[in-house]
Structures are given as C-alpha cells and as structure tokens.
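[1] sequence plus the predicted model coming up.
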Amino acid sequence: MFLKQGAKEVVLPTEEKLKFSGANSHRVQLGARFNYLMSKHIDPLAFAGAALEHEFDGQVKAVVDNVM
C-alpha cells in the first residue's frame with residue numbers, strides 16, 4: 001500500500017503556527033479470517049480474525065513557529 005499525504009499548516013489555540021511536511025509511506029498488511037457457521041437455522045456466523053501491518057518507510061517533519 002502506498003500513502004501520500006500533503007503538507008498542512010495549522011494554528012494552535014496558543015496562536016503558535018504548526019507546519020507539517022508532506023509524507024510518503026509504504027506499508028504492507030497481511031490478515032486472515034476464520035468463519036464458523038454455528039447452526040443451519042441461525043443466520044449469523046461466528047468469526048475470528050487477525051492482521052499484521054508493517055510500515056517500511058515513512059517520515060514526516062513538523063515545525064513550530066519556524067523552529068525545528
């Protein structure tokens with residue numbers, strides 16, 4: 001999965017300016033799900049699942065009032 005986020009500038013309630021740089025990120029997600037039909041007469045399934053996510057690279061910088 002590739003994620004691209006643009007730069008953003010916000011003003012805090014303390015009137016400090018906070019600037020975030022743009023970010024690019026590469027991630028992979030792996031998961032599995034197990035379904036179990038409890039009865040022929042009961043419609044909902046019981047299920048269990050698990051997933052793992054790993055971010056390979058992704059950096060973002062922030063500046064407060066032009067001070068790194």
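    Cool, the structure landed. Residues are numbered from 1 along each chain as shown.
[2] the nearest residue to Gln5 once chain neighbours are set aside and Ser39: what is the separation?
    Nearest residue to Gln5, sequence neighbours excluded (C-beta to C-beta, 6 or more residues apart in numbering): Ala23, at 4.6 Å. In short, each C-beta sits where N, CA and C put it, glycine included. Here the criterion is C-beta to C-beta, to the nearest Å. By it, Ala23 lies 48 Å from Ser39.
[3] the residue nearest to Gln5 contacts Glu55, doesn't it?
    No. Between Ala23 and Glu55 there is no contact under C-beta atoms under 8 Å: 10.9 Å.
[4] ok, these two, which is more surrounded?
    Ala23 (14 against 11; other C-beta atoms under 10 Å).
[5] that one: what's it in contact with?
    Residues in contact with Ala23 (C-beta atoms under 8 Å, 6 or more residues apart in numbering) are 3-5, 58-60.
[6] for Glu9, same thing?
    17-20.
[7] give me the subset of these lying in strands.
    Filtering the contacts of Glu9 for membership in strands, criterion DSSP state E, returns 17-20.
[8] out of the contacts of Glu9, the closest to Ala51 would be?
    Closest to Ala51 out of those is Phe20 (27.4 Å), distances taken as C-beta to C-beta.
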